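Q: Have a look; sequence and predicted model below, questions after that.
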Amino acid sequence: MNVPIATPPLTVRPLSPVMGAEAIGVDLSRPLDEATFQAIHRAFLDASVLVLRDQRLTPEQHVAFSKRFGPLSIHVKDEFLYPGIPEILILSNRKHPDGRPMGFEDAGRYWHTDMSYVEEPPLGSLLHAVEIPPVGGDTIFCNMYLAYDALPDAMKARIASLRGVHSFVASFEGKTKAGASRGTLTDEQKKKLTDAVHPMVRTHPETGRKALYVNPGFTYKVEGMGEAEGLALLEELFAHSTQDRFLYRHVWQPHDLVFWDNRCAMHHATTYEPRYIRHMQRTTVKGDRPV
Ligand SMILES: [Fe+2]
């Protein structure tokens with residue numbers, strides 16, 4: 001008979017007035033009872049960014065916890081997947097002994113939601129800080145519920161039925177606003193990637209709240225709109241949504257596991273001195289088609 005291991009009561013502490021909360025009193029390397037899992041899930045939905053501190057997780061434990069939220073997706077950049085555990089994507093400046101990069105080195109240094117360029121973008125991502133620099137390499141999050149709520153009524157009406165076009169290939173080729181260096185894609189990888197078209201305002205499937213759903217990383221045009229007009233509208237929405245009043249800056253601690261909600265939050269990695277190692281491992285939970 002399986003005897004459930006008692007989990008201490010979970011305490012949730014807000015990290016900022018904008019978004020983000022810290023869940024204290026949980027050790028994900030041990031079996032997790034259903035009540036504690038539900039409390040974690042609730043805290044995640046409420047905060048959009050949930051931080052679980054000091055989680056000494058093996059890749060297998062990271063994957064097992066992530067799967068409680070749904071099936072996981074496997075990233076197209078297959079050279080950066082954890083050996084033998086393809087559900088884990090490595091974001092790192094560490095090199096293999098032969099000099100090849102072990103992971104995405106400068107991943108996400110632009111505003112984006114993960115993989116909005118697919119038909120059913122991920123629900124969320126769980127990023128585990130295996131090794132972090134003493135300073136720098138923070139992640140900034142943006143609350144897209146608040147960004148939507150704060151739009152003038154005329155803008156809400158203008159974008160209510162518009163759809164944005166999202167592309168990973170365009171972002172690699174510098175066609176999106178961010179244009180950061182992201183390495184190269186092989187023809188095989190490009191073949192797997194097509195544009196995705198999503199409503200610019202989406203309703204969160206679990207909270208029922210409306211959120212703005214365009215991002216500078218991958219949204220590069222507006223369906224049915226001329227290029228200049230579409231870009232001008234997108235630029236206006238990007239500038240609006242990235243105001244300080246909608247942001248929470250996460251300063252990582254070693255072994256943080258941070259779970260963010262891609263459906264209502266953007267994020268942006270920041271730089272750090274390359275003499276330090278920043279080694280992170282990510283799982284990505286599949287999500288629904290935005291509506
Ligand atoms: Fe990201």
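A: It's in.
Q: Could you pull up the contacting residues of residue 138?
A: Residues counted as contacts of residue 138 (CB atoms under 8 Å, 6 or more residues apart in numbering) are 249-252, 269-270. C-beta: built from backbone N, CA, C; applies to glycine.
Q: What is the nearest of these to residue 213?
A: Checking those against residue 213 with CB to CB, the nearest one is residue 269 at 20.1 Å.
Q: Would you mind measuring from the closest one to residue 130?
A: According to CB to CB, to the nearest Å, residue 269 stands 15 Å off from residue 130.
Q: what's the answer for residue 95, then?
A: Going from residue 95 to residue 130 by CB to CB gives 15 Å.
Q: which of the two has more neighbours?
A: Legend: neighbour count by other CB atoms under 10 Å for residue 95 and residue 130, higher for residue 130 (19 against 12).
Q: Wait, residue 258 touches residue 62, no?
A: No - applying CB atoms under 8 Å as the test, residue 258 and residue 62 come out as separate, 11.9 Å apart.
Q: Now do the shared contacts for the two.
A: residue 126.
Q: which of the contacts of residue 138 sit farthest apart?
A: It's 251 and 269 that sit farthest apart of the contacts of residue 138, by CB to CB, at 12.6 Å.
Q: OK, contacts around the residue in the chain positioned nearest to the ion?
A: Nearest to the ion in the chain, going by CB to the ion, is residue 108, at a distance of 3.8 Å. Counting by CB under 8 Å, 6+ apart, residue 108 makes contact with 91, 139, 217, 267-269.
Q: can we see that at 6 Å?
A: Shown in contact with residue 108 (CB atoms under 6 Å, 6 or more residues apart in numbering): residue 269.
Q: What's the separation between it and residue 244?
A: To residue 244, residue 108 is 19 Å away according to CB to CB.
Q: cool, and residue 96?
A: Between residue 96 and residue 244 the distance, using CB to CB, works out to 39 Å.
Q: Also residue 69?
A: Separation of residue 69 from residue 244 (CB to CB) stands at 30 Å.
Q: more neighbours, those two?
A: residue 69 (19 against 9).
Q: Tell me the secondary structure of that one, please.
A: Classification of residue 69 using DSSP: H, G, I helix; E, B strand; the rest coil returns coil.
Q: Chain neighbours aside, what residue packs nearest to it?
A: Among residues not flanking residue 69 along the chain, residue 285 sits closest, at 4.7 Å (CB to CB, 6 or more residues apart in numbering).
Q: The ion contacts on the stretch 101-250 of the chain?
A: For the stretch 101-250 of the chain, the residues in contact with the ion (CB under 5 Å from the ion) are 108, 114.
Q: if you set the cut-off to 6 Å instead, what comes out?
A: Residues of the stretch 101-250 of the chain lying near the ion by CB under 6 Å from the ion: 108, 112, 114.
Q: residue contacts, the second one?
A: By CB under 6 Å, 6+ apart, the contact set of residue 112 is 215, 217-218.
Q: for the helix or strand encompassing residue 259, what is the average pLDDT?
A: Taking DSSP states H and E as the criterion, residue 259 maps to strand 257-261. Averaging pLDDT along strand 257-261 yields 98.
Q: what helices or strands is it leaning on?
A: strand 49-52, strand 124-131 (3 or more CB pairs under 6 Å, 6 or more residues apart in numbering; DSSP states H and E).
Q: Flag every buried residue along stretch 151-163.
A: Of all the residues in stretch 151-163, those buried under the rule 16 or more other CB atoms under 10 Å are 151, 155, 159, 162-163.
Q: do the same with stretch 37-53
A: Using 16+ other CB under 10 Å as the test for burial, stretch 37-53 gives 37, 39-40, 43-45, 47-52.
Q: ditto for stretch 113-125
A: For stretch 113-125, the neighbour count (16+ other CB under 10 Å) marks 113-118, 121-125 as buried.
Q: In terms of secondary structure, what does the helix or strand hosting residue 64 contact?
A: If you go by DSSP H and E, residue 64 is part of helix 59-67. Here helix 59-67 touches strand 85-92, strand 279-285, going by 3+ CB pairs under 6 Å, 6+ apart.
Q: and if we set it to 10 Å?
A: When contacts are defined as 3 or more CB pairs under 10 Å, 6 or more residues apart in numbering; DSSP states H and E, helix 59-67 packs onto strand 81-82, strand 85-92, strand 124-131, strand 257-261, strand 279-285.
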